[in-house]
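> no sequence on this one, just coordinates:
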């Protein structure tokens with residue numbers, strides 16, 4: 001069914017340089033070689049020195065040079081070189097009208113494309129409000145506008161997040177969100193006096209962001225930034241240097257204000273952060289305006305390292321709880337803020353990729369179909385069990401310090417966020433701040449500059465852990481189960497051959513094997529860049545693929 005559907009398809013894929021986008025592109029090339037062409041919309045980048053990076057170079061560095069293709073290249077170099085040519089990158093921008101592309105290319109795409117896979121987004125939980133609105137809420141509308149111009153019937157597959165359900169608890173269904181409700185209104189036992197209008201909210205957000213940007217360059221704030229800069233300076237500044245410092249302070253103030261406003265609005269409406277808030281409005285807008293274009297929505301939970309494909313443990317970047325898990329492995333976190341009676345909904349990347357590819361085959365005009373890629377509804381991983389696997393892994397394969405010694409690890413007690421923060425501050429942050437304060441007033445000859453820099457680096461890491469705790473703790477306390485009956489039924493409808501090739505069965509995940517033996521070693525190998533990730537299985541994979 002899946003292979004037949006993708007035969008001779010021409011796909012427009014956004015987000016190909018992101019974690020999930022890489023997995024989708026690699027799976028298409030490797031296991032669906034009869035795809036005709038894959039156009040990838042890529043934003044031009046810049047080098048550190050400001051010089052431009054072409055879209056072809058960016059795709060090469062961020063996609064083709066990524067470990068997602070290592071095994072394919074090593075085992076089938078000729079076929080890899082052949083199918084690689086099916087990917088055609090072009091410079092575009094989801095934030096621009098008409099995707100920011102010229103008319104001849106637009107015409108070519110309109111002639112050929114018959115499937116859109118919308119994976120491009122900003123996935124930062126704390127991105128500035130205006131950037132999140134543009135990419136997560138309005139970007140899909142630009143793609144929808146393109147779909148209407150296409151000459152073939154186009155299927156639109158949109159990748160959202162299961163956490164568009166915000167703070168809702170209980171069993172959460174695979175169905176579209178109400179178009180006129182916030183999460184707060186859905187949680188209320190009484191109907192809202194004023195229906196929610198996502199378009200009006202987006203307009204209000206943009207208006208507020210414009211106001212903030214204007215205020216940042218006002219004479220009033222210019223004086224504030226100048227006064228603060230001069231007060232903090234310990235030496236005389238040239239006017240050029242002063243202006244540069246003022247400009248930096250202005251940018252930091254503006255970004256902080258945009259982040260805070262996004263988080264405030266999200267929480268007021270019942271979402272946990274600006275990411276889920278703007279993704280939810282993106283969903284609502286698509287459902288409201290898709291018209292006769294067949295629309296399918298896939299909602300993954302927390303996407304983690306792959307179960308088997310393209311290799312066990314493949315991952316790109318730290319996801320949700322991973323920064324805290326790594327900090328624990330380094331002996332920097334005495335406990336973990338979480339509820340002991342709820343699951344952490346993790347799902348391997350390859351299962352998500354397969355659900356995305358299979359869900360596209362189910363698109364119809366009559367209804368919007370939603371598929372969850374999640375585990376809590378059928379195969380939950382409870383927080384205490386997850387910790388057991390984490391402790392098991394780091395006891396067997398410790399993360400050694402610079403002195404070559406393993407850190408001392410403690411058992412987690414799953415405190416509240418407030419209790420965790422109190423313990424964290426008393427044990428780590430306050431003693432460090434005291435040492436930094438003492439070093440500030442001791443003679444330079446008593447405290448080498450190297451030691452001060454080392455304490456500064458430790459302080460930065462501790463601040464990061466503290467910040468991640470606030471940002472991600474809503475997800476370790478959320479008592480919900482994402483239903484995935486439609487995804488499971490779709491998997492069971494496949495032939496045995498396609499079930500092997502496109503595993504979507506979350507019941508097949510053995511957490512006792514996957515989490516300590518696959519995920520954590522994969523995290524250490526691909527993100528922390530430890531050779532083999534400390535796990536014999538991944539060391540064997542590395543040796544085989546090298």
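Yep, that arrived. This one's a predicted model, so the numbers in the text were calculated from it and none came from an experiment.
> Any idea how many residues pack against residue 152?
12 (other CB atoms under 10 Å). Using the backbone N, CA and C atoms, a C-beta is placed for each residue, glycine as well.
> do residue 44 as well
Residue 44 has 14 nearby residues by other CB under 10 Å.
> Next up, the contacts around it.
52, 53, 54, 55, 58, 91 (CB atoms under 8 Å, 6 or more residues apart in numbering).
> cool, and residue 330?
With CB under 8 Å, 6+ apart, residue 330 has these contacts: 399, 401, 407.
> what secondary structure does the last one sit in?
Residue 407 carries the three-state label coil when classified by DSSP: H, G, I helix; E, B strand; the rest coil.
> you'd agree it is up against residue 401?
Yes: using CB atoms under 8 Å, residue 407 is in contact with residue 401, at 6.4 Å.
> what about the two, which has more around it?
residue 407 (15 against 11).
> count of neighbours near the nearest residue to that one once chain neighbours are set aside?
Among residues not flanking residue 407 along the chain, residue 331 sits closest, at 2.6 Å (CB to CB, 6 or more residues apart in numbering). By other CB under 10 Å, 17 other residues sit near residue 331.
> which residues does residue 331 contact?
401, 407, 408, 409.
> And the pLDDT at it?
In this prediction, residue 331 carries a pLDDT score of 86.
> Quick check: the gap between residue 472 and residue 457.
To residue 457, residue 472 is 22 Å away according to CB to CB, to the nearest Å.
> ok so residue 351 is a strand residue?
No: looking at residue 351 with three-state DSSP, it is helix, so not inside a strand.
> secondary structure class for residue 30?
helix.
> wait, isn't it in contact with residue 350?
No: between residue 30 and residue 350 there is no contact under CB under 8 Å: 11.3 Å.
> residues near the spatially closest residue to residue 245 that is not a sequence neighbour, how many?
Spatial nearest neighbour of residue 245, chain neighbours left out: residue 229 (4.8 Å); criterion: CB to CB, 6+ apart. By the measure other CB under 10 Å, the count of residues near residue 229 is 20.
> Can you list the low-confidence ranges for the stretch 401-546 of the chain?
Residue ranges of the stretch 401-546 of the chain with pLDDT under 70: 444-445, 531-546.
> how about the helices in it?
Using DSSP state H, counting those that start in this stretch, the helices of the stretch 401-546 of the chain run over 417-424, 430-441, 449-476, 485-492, 496-501, 511-513, 520-526, 536-545.
> so which of these comes closest to residue 174?
Evaluated over the helices of the stretch 401-546 of the chain, closeness to residue 174 peaks at helix 485-492, with 4.7 Å, by CB to CB.
> how much space between the most centrally placed residue in the chain and residue 114?
In the chain, the centroid-proximal residue (CA atoms, centre = their mean) is residue 123; its distance is 4.0 Å. Remark: distance between residue 123 and residue 114 (CB to CB) = 27 Å.
> Could you tell me the angle between the longest helix seen in the chain and helix 449-476?
Ranked by number of residues, the top helix in the chain under DSSP state H is helix 239-269. Between helix 239-269 and helix 449-476, the angle formed by their directions is 20 degrees, by axes from the mean of the first three to the mean of the last three CA atoms, to 10 degrees.
> May I see the buried residues of the following helix or strand past helix 239-269?
Next helix or strand after helix 239-269 toward the C-terminus (DSSP states H and E): helix 274-289. Within helix 274-289, the residues that count as buried by 16 or more other CB atoms under 10 Å are 274-287.
> Would you reformat these as CSV and include pLDDT and distance to residue 48?
What follows is the buried residues of helix 274-289, written out as CSV (pLDDT from 0 to 100; distance: CB to CB, whole Å):
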residue, pLDDT, distance to residue 48
274, 96, 28
275, 96, 27
276, 97, 32
277, 97, 32
278, 97, 29
279, 97, 31
280, 98, 35
281, 98, 34
282, 97, 32
283, 97, 36
284, 98, 39
285, 97, 36
286, 97, 37
287, 97, 41
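> which of those lies closest to residue 67?
Checking the buried residues of helix 274-289 one by one against residue 67 (CB to CB), the nearest turns out to be residue 275, at 25.6 Å.
> pretty sure the closest one is touching residue 132, no?
Yes: Residue 275 lies in contact with residue 132 (CB under 8 Å); the separation is 6.6 Å.
> Are there residues contacting both of these two? Which ones?
Residues touching both residue 275 and residue 132 by CB under 8 Å, 6+ apart: 122, 124.
> residues touching the residue nearest to the centre of the chain, list them.
Contacts of residue 123 by CB under 8 Å, 6+ apart are 18, 275.
> Work out for me the element it sits within.
Counting by DSSP H and E, residue 123 is part of no helix or strand.
> Okay, it and residue 93: tell me how far apart.
Taken as CB to CB, the span from residue 123 to residue 93 is 18 Å.
> Residue 431 now?
Taken as CB to CB, the span from residue 431 to residue 93 is 48 Å.
> more crowded one of the two?
Each of residue 431 and residue 93 has its neighbours counted (other CB under 10 Å); residue 93 has more, 19 against 11.
> quick one: the more buried one and residue 43 touch, right?
Yes: the criterion here is CB under 8 Å, and residue 93 meets it with residue 43 at 5.5 Å.
> if we can go back for a sec, could you say which of the helices of the stretch 401-546 of the chain is packed most deeply?
helix 520-526 (a mean of 25; mean count of other CB atoms under 10 Å).
> Can you tell me the closest non-neighbouring residue to residue 215?
In space, residue 215 is closest to residue 221, 5.9 Å off (CB to CB, 6+ apart).
> where does that neighbour land in three-state SS?
Assignment for residue 221 (three-state DSSP): helix.
> mind listing what it touches?
When contacts are counted by CB under 8 Å, 6+ apart, residue 221 touches 215, 250, 253.
> what helices or strands is the host helix or strand of the first one leaning on?
For residue 215, the host element (DSSP H and E) is helix 198-216. Packing partners of helix 198-216 (3 or more CB pairs under 8 Å, 6 or more residues apart in numbering; DSSP states H and E): helix 129-132, helix 239-269, helix 274-289.
> at 10 Å instead, please
Where contact means 3 or more CB pairs under 10 Å, 6 or more residues apart in numbering; DSSP states H and E, helix 198-216 is packed against helix 129-132, helix 219-232, helix 239-269, helix 274-289.
> can you pull out the helices in the stretch 251-400 of the chain?
Under DSSP H, counting those that start in this stretch, the stretch 251-400 of the chain gives helices at 274-289, 322-329, 349-359, 383-396.
> Tell me which of those sits nearest to residue 375.
helix 349-359 (8.7 Å).
> Mean confidence (pLDDT) on the closest one, please.
When pLDDT is averaged along helix 349-359, the result is 98.
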